[in-house]
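Enquirer: below is the structure, and that's it, no one-letter string:
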């Protein structure tokens with residue numbers, strides 16, 4: 001984890017400062033997905049304390065994502081909030097049980113969410129996103145994402 005100001009990557013800091021709210025969401029989701037792999041690796045190596053720290057970081061990210069879904073006038077907000085609440089509960093269960101299969105479920109769900117946001121960003125053409133998958137997952141969902149992409153969001157996690 002970051003230990004101080006000197007550990008901040010200036011390239012990443014600039015990328016965050018210039019990114020759209022939708023791209024910031026994608027970046028957070030992608031980071032949480034990547035952290036699931038780190039947790040799994042730490043468990044395999046018997047480093048459970050480090051794994052717990054990264055699980056805490058995943059929960060912080062999920063909390064930030066949940067906090068960004070506030071628009072009560074958007075009919076999708078409640079559904080998206082419920083999804084993030086489910087992921088938060090799943091992450092708490094994973095920490096309690098250290099169940100590798102549940103961690104895999106969390107990672108898979110996060111990857112689908114990351115792919116959905118990546119495809120949305122590609123459709124908008126406003127941000128260049130490195131391609132990780134080329135299969136469209138939810139093409140009918142993009143119109144609905146337009147309404148939540150510009151909602152309140154902070155990247156302070």
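Expert: Thanks, I have the structure now. Quantities reported herein were computed from a predicted structural model and do not represent experimental measurements. Residues are numbered from 1 along each chain as shown.

Enquirer: all helices for this structure, in order.
Expert: 10-18, 21-44, 48-67, 77-97, 100-124, 142-149 (DSSP state H).

Enquirer: name the helices or strands packed onto the fifth one?
Expert: Looking back up the chat, that one is helix 100-124. Counting by 3 or more CB pairs under 8 Å, 6 or more residues apart in numbering; DSSP states H and E, the packing neighbours recorded for helix 100-124 are helix 21-44, helix 77-97, helix 142-149. C-beta coordinates here come from the backbone N, C-alpha and C atoms, glycine included.

Enquirer: buried residues, it. List them.
Expert: 102-103, 106-107, 109-111, 113-122 (16 or more other CB atoms under 10 Å).

Enquirer: over to the third one?
Expert: Neighbour-count burial for helix 48-67, with 16+ other CB under 10 Å as criterion, is recorded at 50-51, 54-55, 57-59, 61-62, 64-66.

Enquirer: what angle do that helix and helix 100-124 make?
Expert: Going by axes from the mean of the first three to the mean of the last three CA atoms, to 10 degrees, helix 48-67 is angled at 40 degrees with respect to helix 100-124.

Enquirer: quick check: mean pLDDT of helix 48-67?
Expert: Helix 48-67 shows a mean pLDDT of 95.

Enquirer: quick one: contacts of it?
Expert: Residues from elsewhere that reach helix 48-67 (CB atoms under 8 Å, 6 or more residues apart in numbering): 1, 25, 28-29, 31-32, 35-36, 38-39, 42-43, 81, 84-85, 87-88, 91-92, 94-95, 98, 106, 154-157.

Enquirer: any idea how far residue 40 is from residue 58?
Expert: Distance of residue 40 to residue 58, computed by CB to CB, to the nearest Å: 12 Å.

Enquirer: burial check on the closest residue to residue 102 other than its chain neighbours, number of neighbours?
Expert: In space, and not counting its chain neighbours, residue 102 is closest to residue 94: 4.9 Å by CB to CB, 6 or more residues apart in numbering. Applying other CB atoms under 10 Å, we find 23 residues neighbouring residue 94.

Enquirer: hang on, the earlier thing: what would the helices and strands packed on helix 100-124 look like in a markdown table with mean pLDDT and distance to residue 71?
Expert: Listed next are the helices and strands packed on helix 100-124 as a markdown table, based on pLDDT from 0 to 100; distance: least, CB to CB, whole Å:
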| stretch | mean pLDDT | distance to residue 71 |
| --- | --- | --- |
| helix 21-44 | 94 | 12 |
| helix 77-97 | 95 | 5 |
| helix 142-149 | 41 | 7 |
